[in-house]
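Chemist: I'll drop the sequence and a predicted model, then ask my questions.
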Amino acid sequence: MQFASRYCDKITNNIETLMDVTKEIQALTTFRNNPAAFLQQIKKTKRPITLTANGKAVAVLQDIGAYQRLLDIAAKADASEGIRQGLEDIKRGRSRSARRVFDEIRARYHIPRQRPKS
């Protein structure tokens, strides 16, 4: 259980490092006037740029590598949370054996149990 908690903390810290969208805020009009400069900046700094319209955030421009890392982190966080919930269910007695689950499926869908071939 401690592993899952430490792992979630590590993921959270990585996301915060990748996605501090308050650092670079630019108007969408400025981006439209010189998109190449923005692309050079994110390529160099690896930091996202928040684009605004009428003073409100509307988009985030991000380096593709940083975006892929964010997707990877999110996928790992989902898996970690699933493991944490599963361990909690086992701890609280909210689990069934695989044999019982398969028996219930067979009964529900009238699937006969196959005997091993000799």
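Modeler: Sure, I can see it.
Chemist: What segments of this protein are strands?
Modeler: Counting by DSSP state E, residue ranges of the strands within the chain are 25-27, 49-53, 56-61.
Chemist: Contacts made by stretch 101-117 with the rest, please.
Modeler: If you take CB atoms under 8 Å, 6 or more residues apart in numbering as the criterion, stretch 101-117 is touched by no other residue. Heads up, the C-betas are built off the backbone N, CA and C, glycines and all.
Chemist: so who does the closest residue in space to residue 27 that isn't next to it in sequence touch?
Modeler: Using CB to CB, 6 or more residues apart in numbering and skipping residues adjacent in sequence, the residue nearest residue 27 is residue 52, 5.6 Å away. With CB under 8 Å, 6+ apart as the criterion, the residues that contact residue 52 are 25-28, 58.
Chemist: circling back to that earlier point, out of the strands of the chain, which gets nearest to residue 88?
Modeler: Taking CB to CB as the criterion, strand 56-61 is the member of those that comes nearest to residue 88, at 33.7 Å.
Chemist: what helices or strands is that closest one leaning on?
Modeler: In terms of contacts (3 or more CB pairs under 8 Å, 6 or more residues apart in numbering; DSSP states H and E), strand 56-61 is packed against helix 28-33, helix 35-45, strand 49-53.
Chemist: quick revisit: which of the strands of the chain is buried the deepest?
Modeler: With neighbours defined as mean count of other CB atoms under 10 Å, these peak in mean count at strand 49-53, which reaches a mean of 17.
Chemist: would CSV of the strands of the chain with mean pLDDT and distance to residue 111 be doable?
Modeler: Supplementary listing: these in CSV, determined by pLDDT from 0 to 100; distance: least, CB to CB, whole Å:
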stretch, mean pLDDT, distance to residue 111
strand 25-27, 94, 59
strand 49-53, 96, 54
strand 56-61, 95, 49
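Chemist: Export the ones you listed as a markdown table, with columns for distance to residue 43.
Modeler: Putting the strands of the chain into a markdown table (distance: least, CB to CB, whole Å) gives the following:
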| stretch | distance to residue 43 |
| --- | --- |
| strand 25-27 | 16 |
| strand 49-53 | 11 |
| strand 56-61 | 11 |
